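Participant: Have a look; sequence and predicted model below, questions after that.
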Amino acid sequence: MLSMFKSIPTHMDYKGQKLAEQIFQGIILVSAAIGFIYGLIVQQFGWTVYIMLAGFTVSCLLTLPPWPMYRKSPLNWQPALPETPAETREKPQENQKKKKHK
């Protein structure tokens, strides 16, 4: 049953993250403006809060899951380098002289 969840993608590419951030901020900004104006007209601060919460909920539903529109530009990574033996790797010098501060 858990194998069903492994097939669900859990990543976004960098352009998708930027798009998600812009959509999130746009929805929050529009809902804040609408909520403020409507709350001012009806003289009820509660409506402002409700409209802001509705905008926040909609923006979360649109931007938090990795929808396919956020995965259109994947990065092409270089292939991994083969593992080399430990003796051939350059090691940092461990026996460096340390300066003493007086």
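Facilitator: Okay, I see it.
Participant: tell me the SS of residue 75?
Facilitator: When classified by DSSP: H, G, I helix; E, B strand; the rest coil, residue 75 comes out as coil.
Participant: That one and residue 50, how far apart?
Facilitator: Distance of residue 75 to residue 50, computed by C-beta to C-beta, to the nearest Å: 40 Å. Any C-beta I mention is one placed from the backbone N, CA and C, and that applies to glycine too.
Participant: who has more neighbours, these two?
Facilitator: residue 50 (14 against 7; other C-beta atoms under 10 Å).
Participant: Spatially nearest residue to the more buried one (excluding sequence neighbours)?
Facilitator: Leaving out its chain neighbours, the residue that sits closest to residue 50 by C-beta to C-beta, 6 or more residues apart in numbering is residue 35, at 7.5 Å.
Participant: so which strand or helix has the one you found?
Facilitator: Secondary structure from DSSP states H and E places residue 35 in helix 14-42.
Participant: Identify each buried residue in that helix, please.
Facilitator: 16, 19, 20, 23, 24, 27, 31, 34, 35, 39 (16 or more other C-beta atoms under 10 Å).
Participant: Mind exporting the C-alpha coordinates of the host helix or strand of residue 61 to CSV?
Facilitator: Assessed by DSSP H and E, residue 61 sits inside helix 45-63. This file holds the C-alpha atoms of helix 45-63, laid out as CSV (Å, rounded to 0.1, in the frame of the first residue of the first chain):
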residue,chain,number,x,y,z
PHE,A,45,-13.1,43.6,10.5
GLY,A,46,-14.1,39.9,10.7
TRP,A,47,-15.0,39.8,7.0
THR,A,48,-11.5,41.1,6.2
VAL,A,49,-10.0,38.3,8.2
TYR,A,50,-12.3,35.7,6.6
ILE,A,51,-11.5,36.8,3.1
MET,A,52,-7.7,36.8,3.9
LEU,A,53,-8.1,33.2,5.3
ALA,A,54,-9.9,32.2,2.2
GLY,A,55,-7.2,33.6,0.0
PHE,A,56,-4.5,31.9,2.1
THR,A,57,-6.3,28.6,1.8
VAL,A,58,-6.7,28.9,-2.0
SER,A,59,-3.1,30.0,-2.4
CYS,A,60,-1.9,27.0,-0.3
LEU,A,61,-4.0,24.6,-2.4
LEU,A,62,-2.5,26.0,-5.6
THR,A,63,1.1,26.3,-4.6
